[in-house]
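Asks: got a predicted model here, sequence first, then my questions.
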Amino acid sequence: MSTSKTRRTHTVADLSRVMDQIAPTGLAQDWDNVGLLLGDPTARVKRALLCIDLTPSVVDEAVRKKVDLVLAYHPPIFKPITRLLADSSGTDAAVYRCARRGIAIYATHTALDASDDGPNAVIASMCGIAETEPIEYVDEPGESQCKVVVFVPEADLARVSAAMFSAGAGHIGDYSHCSFQSPGQGSFLGSDATNPTLGKRGKFEKVNEVRLETVVTQRDLPAVLKAMIGAHSYEEPAFDIYPLGRKPVRGMGRVGKLPRRTSLGTLARKLKRATAAACVQIVGTPSQGVGRVIILVGAAGSIPFALGPSTGDVIVTGEIRHHDALEIQRRGCSAIALGHWSSERPVLASLADRLRGSLPGLNAQVSRADRDPFRPI
C-alpha cells in the first residue's frame, strides 16, 4: 500500500484570502492601492517572496527562485499606469517583468499597518510594550448596515416583526431576530382621500403603537422594507432609516507605555539592534526620559500630534519631516527615526510565518535582495 503524501496545491486566490484575513483590504486608507494587483487568481502558488519594495533586484531574485507570487508591502502600482515598458525607470518595468514571467503581485501596505499584528505592533513588541491601542481608528471592514425604525399598532407587532426578520433583518453577529421595542402613542388625521385601517377619515386619531427598531444590511434593505409594508395594516406606515457606522476596532499606528521609564538613547539603541537599522536619528537628547511610546512606521507625518505628545512621550517612526521635528522639540517630547524601510521590514518575517501556517506546504521567504536605499558612510 502506498503511503506517499499528497501536498495540497494552493492558488493565488487562496493566498489572497489568507492575506485578507490577516490584513483586511477594507482597513487600508482610501488613497492606497492594496490587494491582488497582478495575476490570475486560479494560478498555482508554491513559492512566495516577501519584500518591502519591488525593485529590479527583487524581481531578479523572484525569477531566479522561480517564485509564483511576490507580496510587496509598498504597492508597485500606485498611481494610474498609462504604459508598461521593459526599459522604464519606474516601477512599471518591474511589473512588466513579473507579468511576462507569470509572477503575481499582492500589495498590503496600510491594510497591514492597521492590522492587529502589523509592523506597528512588531515595533511595539521590540520596545517591550505589552498593551497598545491604535493612534487613529478606522472602520472595521464589512457590509454597510442601517437601522430601520417602524411604528406599528400593538396588534400588528408580531406579524410585522416576523416579516422583517424573514426578509433578512435583525442579524447581529451570531444572533438573529434582534430588535428593540418601546411603547408610545401615534397620531394622525386622514384626508377625505384616505381609507385608514384604524379610526375615521377627517378625524384626528390617537393610537397605541410600538416603536420597532432592527438592523438591516444595505443589501437586504429593499426586501425588508417591502416585507414590512406588506405586513403592516396602515395605508402609509411611518418608518425611518438611519445609516450605521461600523465599529472602530483597529487602526493606524500604536500607542502604549513602556514597562519602565528609560532614556531616549537607551530605547533608540535597543530598536537599532532589534531592527538592524543602519541610519537611526533622534529628536531630543539621549538622556531625555521616555515613558509613553507613539509608533507609526514609515512616515508618521503629523498624525501623532493628534495625541498631544508632551514631556515623557517619544514618537517612533521611519522618517520625520524637518518642520515636524521642530514641532516635536517645541512640545518637549522626543522622537526616534529608524529609517522608512527599516521601520517596516521587521514585519515580513512574522508575516511569512503566518502564511506558511495558514497554507501548509507554501514556501514563503523574505527577500534577500530587498534593501534599504539609504546607506551610512
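Replies: In hand now; what should we look at?

Asks: quick one: the helices in this structure?
Replies: 12-22, 56-64, 91-101, 109-113, 119-127, 157-166, 221-231, 264-275, 322-331, 340-344, 347-358 (DSSP state H).

Asks: so which of those helices is nearest residue 79?
Replies: For residue 79, the closest of those is helix 91-101, at 9.9 Å, according to Cβ to Cβ. C-beta: built from backbone N, CA, C; applies to glycine.

Asks: now the angle from the closest one to helix 56-64?
Replies: If you take axes from the mean of the first three to the mean of the last three Cα atoms, to 10 degrees, helix 91-101 sits at 0 degrees to helix 56-64.

Asks: helix 91-101 packs against which elements?
Replies: With contacts taken as 3 or more Cβ pairs under 8 Å, 6 or more residues apart in numbering; DSSP states H and E, helix 91-101 sits against strand 35-38, helix 56-64, strand 104-107.

Asks: now the ones you listed as a markdown table including distance to residue 118 and mean pLDDT?
Replies: Converted to a markdown table, the helices and strands packed on helix 91-101 look like this (distance: least, Cβ to Cβ, whole Å; pLDDT from 0 to 100):
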| stretch | distance to residue 118 | mean pLDDT |
| --- | --- | --- |
| strand 35-38 | 16 | 97 |
| helix 56-64 | 21 | 97 |
| strand 104-107 | 14 | 98 |
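
Asks: so which of the ones you listed is nearest residue 15?
Replies: Among the helices and strands packed on helix 91-101, strand 104-107 comes nearest to residue 15, with 6.9 Å by Cβ to Cβ.

Asks: which positions in that closest one come out as buried?
Replies: 104-107 (16 or more other Cβ atoms under 10 Å).

Asks: possible to save the helices and strands packed on helix 91-101 as TSV with distance to residue 236?
Replies: Compiled in TSV, the helices and strands packed on helix 91-101 are given as follows (distance: least, Cβ to Cβ, whole Å):
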stretch	distance to residue 236
strand 35-38	45
helix 56-64	64
strand 104-107	51
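
Asks: output the below-cut-off pLDDT ranges for the stretch 151-300 of the chain.
Replies: Low-confidence segments of the stretch 151-300 of the chain (pLDDT under 70): 246-249.

Asks: which residue packs closest to residue 302, ignoring adjacent ones?
Replies: Take residue 302 and drop its neighbours on the chain: the residue closest to it by Cβ to Cβ, 6 or more residues apart in numbering is residue 324, 6.3 Å away.

Asks: circling back to that earlier point, what's the most buried one of the helices and strands packed on helix 91-101?
Replies: Across these, the average number of neighbours (mean count of other Cβ atoms under 10 Å) peaks for strand 104-107, which reaches a mean of 24.
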